[in-house]
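Enquirer: Quick one: sequence plus predicted model below, questions after.
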Amino acid sequence: MNKKELIVLIFLSTALLLGAVINSIKYFRQKKRLNSMPISIEYSDTTVAADTLIDINQATIEHLEALPGIGPVLAQRIIDYRKRRGGFKTIDDLRAVPGIGPKRFDAIKDLVICHPPGEN
């Protein structure tokens, strides 16, 4: 391996490591933001605290905005889709909402649940 190849290898390794650090920082900031929100979701006789999963069939626009990559416009699209379709049957139904692609879905899929529509 010559000197130029070694420099390129070091540069690429540094860029990869820096990307991983930045991604970790973003993840923990978002998790902290989600956990610090004073939100509770009420079901028949159960209250779910903010540091647990958000039910996409019950969530308000504020709940949805707490999810990574979900702003006010996309949160409203989720609510509109939910109203039009009578609720989500599974978490995978989120993929049909315009603006939720594979990356965004992967970012939120572990933070949401889906109780069947009408089940409170």
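Expert: Structure received.

Enquirer: Tell me, how many residues neighbour the residue nearest to Leu94 when sequence neighbours are not counted?
Expert: Sequence neighbours aside, Ile100 is the residue nearest to Leu94 in space, at 5.3 Å (criterion: C-beta to C-beta, 6 or more residues apart in numbering). For glycine as for every other residue, the C-beta is placed from the backbone atoms N, C-alpha and C. Counted with other C-beta atoms under 10 Å, residues neighbouring Ile100 total 20.

Enquirer: gap between Ile100 and Val73?
Expert: Relative to Val73, Ile100 is positioned 12 Å away (C-beta to C-beta, to the nearest Å).

Enquirer: how about Tyr81, what does it touch?
Expert: With contact taken as C-beta atoms under 8 Å, 6 or more residues apart in numbering, Tyr81 is in contact with Ala96, Val97.

Enquirer: what about it, which helix or strand?
Expert: Per DSSP states H and E: Tyr81 is located in helix 72-85.

Enquirer: ok, Ala66 to Asn2 distance?
Expert: Relative to Asn2, and taking C-beta to C-beta, Ala66 is found at 51 Å.

Enquirer: ok, these two, which is more surrounded?
Expert: Using other C-beta under 10 Å as the criterion, Ala66 and Asn2 rank with Ala66 on top: 20 against 6.

Enquirer: That one and Ile54 touch, don't they?
Expert: Yes - if you go by C-beta atoms under 8 Å, Ala66 and Ile54 touch, sitting 7.4 Å apart.

Enquirer: returning to that earlier point: tell me the contacts of the residue nearest to Leu94?
Expert: Contacts for Ile100 (C-beta under 8 Å, 6+ apart) come out as Leu74, Ile78, Leu94.

Enquirer: and the nearest residue to Lys26 once chain neighbours are set aside, how many neighbours?
Expert: Spatially, and ignoring its direct neighbours in sequence, Lys26 is nearest to Pro68 (8.0 Å; C-beta to C-beta, 6+ apart). Summarising burial for Pro68: neighbours were counted as other C-beta under 10 Å, giving 16.

Enquirer: helix, strand or coil for Pro68?
Expert: The three-state label given to Pro68 by DSSP: H, G, I helix; E, B strand; the rest coil is coil.

Enquirer: Before I go, just wanted to say thanks for your time.
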